[in-house]
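**Student:** Here's a sequence, model it:
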Amino acid sequence: MGITKLADLIRSDAPDAISRKEISDYTGKVIALDTFIIVNQFRAATPRLSPLLGLFFRTLTLLEHDIKPVFVFDGKPPVEKTAVLEKRAETAGWSFPNHTGAASSQTKNCLQLLKLLGVPVIQAPGDAEALCAQLVREGTVDAVASEDMDTLPFGANILIRNVNAKKDSEVVEYSLPKLLEKLQISHQETHPVPHFWKYNEARKIFLGAPQSVTIELAWTEPDEEAIVKFLCDVKHVKENRVRHRMQTFRQVRESKREEREKEKATGCSRQTRIKDFFRVTRKRAMHVETSDLSSDRKKPKLQ
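**Tutor:** Down below sits the predicted model:
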């Protein structure tokens, strides 16, 4: 599913829609992430390590930059995308999570870890990428961080790629408005397509409008002792590794905050105030269908 070689098309025909930035450029921003893709990346890259450890590192990297992550989980995918998702899961060496409608043990572990890290989680009614795009369109988040280019045809105005656990990694940002302007098309497109393309089905998937509900996002400080107990006692990760990363997280975050305070004092700061980070955002209306972690037909909720 998706648009074949979309990234290549953008680089060749709409390079102005691409910009390279540092992860610190998103300080104070709210970013939605597709949890399945992140876990899939870590499992494929480091099959001997628990993907929970990668999720732990990735989340702390974002938090120490005072970026507010929102993790989105897949619900029941559209039929047209089931084969693609199953192939991804098979390549990564784990079971596709939506055969029974019940949350897998891996999903439950991810949920538990993210809860202990103090970041919000949302269950999508269907494809997580679609909900991530919906969140940025509605203004609930500022951007979507994903390697899946489907995020753009789903309507995400800002897509960030190459976000990883490195301290000062360079990321690539795609602007959907700039892309559409350069290609002189609308989000619905204007060009004829081959008769054998299932464009009506694709249009329904990418452009379908779900029902409206109101959500609330909140971030809290990570619970270090509970994280150590979960990762070390339950998942058998070495305690000194977890403790060291938590200590580094606190030091780096404080150092970066002090730097921004100095910049603010000299009139150079472009970031938000420190006290604004750990707070509940105002409620915003967004469009999603109802779902639940253990069922595809219940109401979406925050953990």
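**Student:** Gln106 is in contact with Val39, isn't it?
**Tutor:** Yes. Counting by Cβ atoms under 8 Å, Gln106 does reach Val39; the two are 7.0 Å apart. Quick note: C-beta positions are derived from backbone N, CA and C, even for glycine.
**Student:** what sits in contact with each of the two?
**Tutor:** Residues touching both Gln106 and Val39 by Cβ atoms under 8 Å, 6 or more residues apart in numbering: Pro51.
**Student:** The two: which is more packed in?
**Tutor:** Val39 (22 against 18; other Cβ atoms under 10 Å).
**Student:** Which residues lie in contact with the closest residue to that one other than its chain neighbours in this structure?
**Tutor:** Spatial nearest neighbour of Val39, excluding adjacent residues (Cβ to Cβ, 6 or more residues apart in numbering): Pro51 at 4.5 Å. Pro51 makes contact with 39-40, 42-43, 106 under the criterion Cβ under 8 Å, 6+ apart.
**Student:** what ranges do the strands span in the stretch 151-300 of the chain?
**Tutor:** 158-161, 170-175, 212-215, 284-287 (DSSP state E, counting those that start in this stretch).
**Student:** among those, which gets the worst mean confidence?
**Tutor:** For those, mean pLDDT drops lowest on strand 284-287, to a mean of 46.
**Student:** Tell me the buried residues in the longest helix along the chain?
**Tutor:** Taking DSSP state H as the criterion, the chain has its longest helix at helix 239-265. For helix 239-265, burial by neighbour count (16 or more other Cβ atoms under 10 Å) applies to 242, 245-246, 249, 252-253, 256-257, 260.
**Student:** In these, find the pair that's most separated.
**Tutor:** Spatial extent of those (Cβ to Cβ) is set by the pair Val242 and Arg260 at 27.1 Å.
**Student:** ok so, going back, and the contacts of Pro51, which two are the farthest apart?
**Tutor:** Spatial extent of the contacts of Pro51 (Cβ to Cβ) is set by the pair Phe42 and Gln106 at 11.4 Å.
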